[in-house]
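S.K.: Turn this into a structure:
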Amino acid sequence: MKQIFYLVPLLLITLISCKGKNQNTMEHKFTNALINETSPYLLQHAHNPVNWHPWNEQTLDKAKSENKLLLISIGYAACHWCHVMEHESFEDSLVAQVMNKNFVNIKVDREERPDVDQVYMNAVQLMTGSGGWPLNAIALPDGRPVWGGTYFKKEQWINALEQISELYQEKPEKLYEYADKLEEGIKSLDVVQLNVSEPVFKKQYIDDAVAHWSKQFDHNFGGLNRAPKFMMPNNYHFLLRYAYQNNDTNLMDFVNLTLTKIAYGGVFDHVGGGFSRYSVDTKWHVPHFEKMLYDNAQLVSLFSDAYLLTKNDLYKDVITETLDYVKEEMTNNEGAFYSSLDADSNTPEGKLEEGAFYVWKKEDLKALLKEDFELFSDYYNINNFGLWEHENYVLIRKDSDENIIKKYNLDLETLKEKKINWKTILSKKRNTRSKPRLDDKTLTSWNALMTKGYIDAYRVLGNTSYLASAKKNANFILSTMLREDGGLNHNYKDGKSTINGYLEDYATAIDAFIALYETTLEQKWLNTSRDLANYAFDHFFDDKSNMFFFTSNTDASLVSRSIDYRDNVIPGSNSIMAKNLFKLAHYFDNEHYSNTAITMLNNVSLEMHEYPSGFSNWFDLMLNYTNPFYEVAIVGKEAKEKITELNKAYIPNKLIAGSTKDSNMPLLENRFTPDDTFIYVCVNKACKLPVTRTIDAINLIEK
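M.R.: Prediction:
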């Protein structure tokens, strides 16, 4: 997202005068330490004339020993405006001269080091009121920030750097004074106080929050009534469940409108499958063309549940085409998933341009599609509705297949054949273009989200290849990212597992492994989930708030140790963790897990009502307490078949425990008989009489 902030802290603004750019063109010899890194983003900058360093103790010690300011620039490989600033400033020898002379320059891949990103993002948001990437901050040698912003034009950037470095030379005490105050502000963010009030979770509280939230709904194109539009899968996962459990047809219509318009929009790649990160407009048309693994993972899960509930073939197509894309473009031979595809790619003239791989000219489409162009242009709006800029079109749908069939007097099979043919033709043509750059690092947290997406797709569609992909990736996490001490690493690249894991890695892996247990009944996944939860308690738990820190107690300390609890494009790691503990408490009859989940939810409950879209995953957990939540225990030789049947029904308020043999798990103990398969439906530790037919179990829940 392009956001320009040129805001110097108020304390400093009167001390800095406007100056022209430095005209000194003396050559500067440099060494760029990024050449030794594995991050594709850092390697993109490895040949800049800027003397970049990675974030590590050696770099920080260098700043202290030389008493130099730190210049910290943060981005990621698929970030369009990061590339723009690199070309305008970081590839410029004059800019590099200013940076190298006055600063120890650090490049950070925010996906590798979300902990560092969060510290300086919080600082920039405090200083400017907003944030984004590229994220640029200047800090004292001890790492405490004193100035920052996002994208800067070359002239702005040079002026700012010269002014800050001059102030540091002439009046350093002013920067230290400001750093003290800003540090207090940073530490006050993401702090959660222990709520000592009695936990009381009421349905009316959720009802009021949804009513407050609904005032922002866009009833024409779905989503929130603003631009840009992010898909926010956790929001619609919660709203789908809430609408279903409350028989709220108006809300259900809105959720389906949103999912339909997302599927129709240009944010979905109608040629190659998969989703871009967000749209810059209100109709989901023109995306910011980067494709992130985490978006595609969560959207597969969301559309899977939506298909289960509605049997809308559009949703099924989205699932299958997205997973085809993930398989072809974002999966390596080890079963691990890559991180992203760039927003930019080269034009035929060799110029790096946003969306160049994906957009179409009308004349090219006419030549490719020939007599089918008229139908195609109506279907994908090669008209004013689908026009972007520079005579480029981004494919977007507006009408349903049913309307197109009636309008052109077709049958459904003929239209399907035409769509397959169109995509084959356009895909062949598109693959002759320069492809977007691939960020081929593997992140544990995002991989776990994708594993969960595959599990959900298998659960709903029954495609065994989806389950195979999920198991392969889950085993990759166990064999490659899980250390001997029981902890996880965050990053994998070039055969090496590195960077101590963050809470998001544990939370998402536990969630995926629980889902894999519920699907396969393989006990190792549930036991691993429990072990990872216990490790998180040992190394991430905050005894004061009963929440979890984002970083381990074994990590080097930063300016602040944050607690990630608000839901965003990915749910907050604490909300995922609380839901995990809720389930694990049921599986292992563990009161500590149960009490912790309740306390965590109670801690954030006072903040949830005012900003419900930032707490949708917490609201989903709250539904487990305000509505009945079912333990479904299936024991017997046909347990797996019964689970497959059970999964044909949308039941969001359940967990599944099962075994094909004797088990000492609390939910299964003393329930196995060799001749029959029994289904036990339990709630609040009270069970109905066992049944043998899945339909009878579903009826017990629905009643």
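S.K.: where's the residue lying closest to residue 265 once chain neighbours are set aside relative to residue 643, distance?
M.R.: Nearest non-adjacent residue to residue 265, counting by C-beta to C-beta, 6 or more residues apart in numbering: residue 284, 2.8 Å away. For the C-beta atoms, the positions are set from N, CA and C on the backbone; glycine is no exception. From residue 284 over to residue 643 the distance is 35 Å, taken as C-beta to C-beta, to the nearest Å.
S.K.: Those two: which is more packed in?
M.R.: Neighbour count, other C-beta atoms under 10 Å: between residue 284 and residue 643, residue 284 has more, with 27 against 20.
S.K.: Look up how far residue 291 lies from that one.
M.R.: From residue 284 to residue 291 the distance is 15 Å (C-beta to C-beta).
S.K.: in this structure, what spans have low per-residue confidence?
M.R.: Scanning the chain for pLDDT under 70 picks out 1-31.
S.K.: can you map out the helices along the stretch 51-200 of the chain?
M.R.: With DSSP state H, counting those that start in this stretch, the ranges of helices along the stretch 51-200 of the chain come out as 57-66, 80-85, 93-102, 114-128, 154-170, 172-188.
S.K.: now the third one against helix 154-170, angle please.
M.R.: Using axes from the mean of the first three to the mean of the last three C-alpha atoms, to 10 degrees, the direction of helix 93-102 lies 20 degrees away from that of helix 154-170.
S.K.: Just the C-alpha atoms of helix 93-102, please, in CSV.
M.R.: Taking C-alpha atoms only, helix 93-102 is exported to CSV below (Å, rounded to 0.1, in the frame of the first residue of the first chain):
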residue,chain,number,x,y,z
SER,A,93,24.9,6.2,-5.0
LEU,A,94,24.2,9.7,-3.6
VAL,A,95,21.6,8.3,-1.2
ALA,A,96,23.9,5.4,-0.3
GLN,A,97,26.6,7.9,0.5
VAL,A,98,24.5,9.7,3.0
MET,A,99,23.3,6.5,4.6
ASN,A,100,26.7,4.8,4.8
LYS,A,101,28.4,7.9,6.2
ASN,A,102,26.0,8.5,9.1
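S.K.: buried sites along it?
M.R.: 94-102 (16 or more other C-beta atoms under 10 Å).
S.K.: just to revisit the earlier point, mind putting the helices of the stretch 51-200 of the chain in JSON lines, distance to residue 654 included?
M.R.: Listed next are the helices of the stretch 51-200 of the chain as JSON lines, based on distance: least, C-beta to C-beta, whole Å:
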{"stretch": "helix 57-66", "distance to residue 654": "47"}
{"stretch": "helix 80-85", "distance to residue 654": "42"}
{"stretch": "helix 93-102", "distance to residue 654": "56"}
{"stretch": "helix 114-128", "distance to residue 654": "32"}
{"stretch": "helix 154-170", "distance to residue 654": "54"}
{"stretch": "helix 172-188", "distance to residue 654": "40"}
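S.K.: which stretch among the ones you listed comes nearest residue 648?
M.R.: helix 114-128 (37.8 Å; C-beta to C-beta).
S.K.: which secondary structure elements does the closest one contact?
M.R.: strand 69-75, strand 135-139, strand 145-149, helix 172-188 (3 or more C-beta pairs under 8 Å, 6 or more residues apart in numbering; DSSP states H and E).
S.K.: switch the cut-off to 10 Å
M.R.: Under the contact criterion of 3 or more C-beta pairs under 10 Å, 6 or more residues apart in numbering; DSSP states H and E, the helices and strands touching helix 114-128 comprise strand 69-75, strand 103-109, strand 135-139, strand 145-149, helix 172-188, helix 503-520.
S.K.: Is the residue located most distally from the centre of the chain in a helix, a strand, or coil?
M.R.: Each residue of the chain has a distance to the centre, and by C-alpha atoms, centre = their mean the biggest one is for residue 675: 45.6 Å. Using DSSP: H, G, I helix; E, B strand; the rest coil, the structure places residue 675 in coil.
S.K.: so who does it touch?
M.R.: 636-637 (C-beta atoms under 10 Å, 6 or more residues apart in numbering).
S.K.: ditto for residue 535
M.R.: Residue 535 touches 482-483, 485-488, 501, 506, 552, counting by C-beta under 10 Å, 6+ apart.
S.K.: Need the max-distance pair from those residues.
M.R.: 482 and 552 (14.4 Å).
S.K.: shouldn't residue 175 be in contact with residue 163?
M.R.: No - in terms of C-beta atoms under 10 Å, residue 175 does not count as a neighbour of residue 163; the distance is 11.6 Å.
S.K.: The two: who's more crowded?
M.R.: More neighbours surround residue 175 than the other of residue 175 and residue 163, with 23 against 18 (other C-beta under 10 Å).
S.K.: Without its sequence neighbours, what residue ends up closest to that one?
M.R.: Residue 175 sits nearest to residue 146 (C-beta to C-beta, 6+ apart), 4.8 Å away.
S.K.: wait, what's in contact with that neighbour?
M.R.: 8-9, 11-12, 69-70, 123, 127, 137-140, 164, 167-168, 174-179, 182-183.
S.K.: Could you give me the PyMOL syntax to select whichever of the residues you listed are buried?
M.R.: Entered in PyMOL, the line below selects the buried ones among the contacts of residue 146, by 16+ other C-beta under 10 Å:
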select buried, resi 8+9+12+69+70+123+127+137+138+139+140+164+167+168+174+175+178+179+182+183
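S.K.: so what does the host helix or strand of residue 466 touch, helix or strand wise?
M.R.: Taking DSSP states H and E as the definition, residue 466 sits inside helix 464-476. Judged by 3+ C-beta pairs under 10 Å, 6+ apart, helix 464-476 is in contact with helix 313-329, helix 444-461, helix 503-520, helix 523-540.
S.K.: which of the residues in it are buried?
M.R.: Within helix 464-476, the residues scored as buried using 16+ other C-beta under 10 Å are 466-467, 469-471, 473-474, 476.
S.K.: cool, stretch 46-66 as well?
M.R.: 48-55, 59-60, 62-63.
S.K.: repeat for stretch 496-512
M.R.: In stretch 496-512, counting by 16+ other C-beta under 10 Å, buried: 497, 499-512.
S.K.: Also stretch 542-555?
M.R.: Buried residues in stretch 542-555 (16+ other C-beta under 10 Å): 545-552, 555.
S.K.: one step back: other residues contacting whichever helix or strand comes after the helix holding residue 466?
M.R.: Downstream of helix 464-476, the next assigned helix or strand under DSSP H and E is strand 489-493. Contact partners of strand 489-493, identified using C-beta under 10 Å, 6+ apart, comprise 37-40, 109, 111-115, 332, 334, 336, 338-339, 439-447, 476-477, 480-483, 496-502, 504-505.
S.K.: Show the subsequent helix or strand relative to strand 489-493.
M.R.: Remark: after strand 489-493, the chain's next helix or strand is strand 496-500, criterion DSSP H and E.
S.K.: who does that next one touch, helix- and strand-wise?
M.R.: Using 3+ C-beta pairs under 10 Å, 6+ apart, strand 496-500 sits against strand 489-493.
S.K.: The strand it packs on pairs with which strands, and in what direction?
M.R.: Paired neighbours of strand 489-493 in the sheet (DSSP bridges): strand 442-443 (antiparallel), strand 496-500 (antiparallel).
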